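Visitor: pasting the sequence and the predicted model now:
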Amino acid sequence: MRGLLARLLLNTLALWFVTLAYPGVRFDPGAGLLDYLVAGAIWGLANALLRPVLLFLTLPLNLLTLGLFTLVVNGVVLYLVAEATALSVRGFGEAVVGALLLSLVSLFLNWLFRD
């Protein structure tokens, strides 16, 4: 349970950092802490459940592009999370860039707060 809560907080913190650093991804005006936590939880669930299915379905494209199509899949997942939460993404290109930044920030935060 403690690890799950830590993941939720790290996902939320990563989303918050990306919305501060990149104007293509932001939270709707008036969004509060609960909206941030819900977006972080849905981002974590989408990465755990939806992303592997999408990666499996796009495996031939991923092999053909030597793994670069994973960036597009990550952008699709971020775009879908934005549709379900108070997160806003300007367009699909911004979703891909935002997902790349989110991955980098999450990697850094996981490294910083590793057990």
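Guide: Alright, I've got the coordinates.

Visitor: now do the strands in this structure.
Guide: For the chain, the strands defined by DSSP state E cover 25-27, 87-89.

Visitor: could I get those as CSV with distance to residue 73?
Guide: C-beta coordinates here come from the backbone N, C-alpha and C atoms, glycine included. Below are the strands of the chain laid out as CSV (distance: least, C-beta to C-beta, whole Å):
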stretch, distance to residue 73
strand 25-27, 17
strand 87-89, 15
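
Visitor: show me where this structure has helices.
Guide: Ranges of helices in the chain, per DSSP state H, are 2-21, 33-45, 51-57, 59-64, 69-84, 92-112.

Visitor: any chance of the strands of the chain in JSON lines, plus mean pLDDT and distance to residue 50?
Guide: Output for the strands of the chain, formatted as JSON lines (pLDDT from 0 to 100; distance: least, C-beta to C-beta, whole Å):
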{"stretch": "strand 25-27", "mean pLDDT": "95", "distance to residue 50": "18"}
{"stretch": "strand 87-89", "mean pLDDT": "95", "distance to residue 50": "15"}
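
Visitor: nearest to residue 8, out of those strands?
Guide: Across these, residue 8 has its closest neighbour in strand 87-89 (15.1 Å, C-beta to C-beta).

Visitor: for the closest one, name the packing helices and strands.
Guide: strand 25-27, helix 69-84 (3 or more C-beta pairs under 8 Å, 6 or more residues apart in numbering; DSSP states H and E).

Visitor: elements contacting the helix or strand of the chain with the lowest mean pLDDT?
Guide: Among the helices and strands of the chain, helix 2-21 carries the lowest confidence by mean pLDDT, DSSP states H and E, at a mean of 89. Applying 3+ C-beta pairs under 8 Å, 6+ apart, we find helix 2-21 packed against strand 25-27, helix 33-45, helix 92-112.

Visitor: isn't residue 42 right up against residue 85?
Guide: Yes. Contact criterion C-beta atoms under 8 Å: residue 42 and residue 85 qualify, at 5.6 Å.

Visitor: any stretches of the protein with poor pLDDT?
Guide: Across the chain, the ranges flagged by pLDDT under 70 are 1, 115.

Visitor: the same query, at a cut-off of 90, please.
Guide: Applying pLDDT under 90 to the chain flags residues 1-8, 11, 109-110, 112-115.
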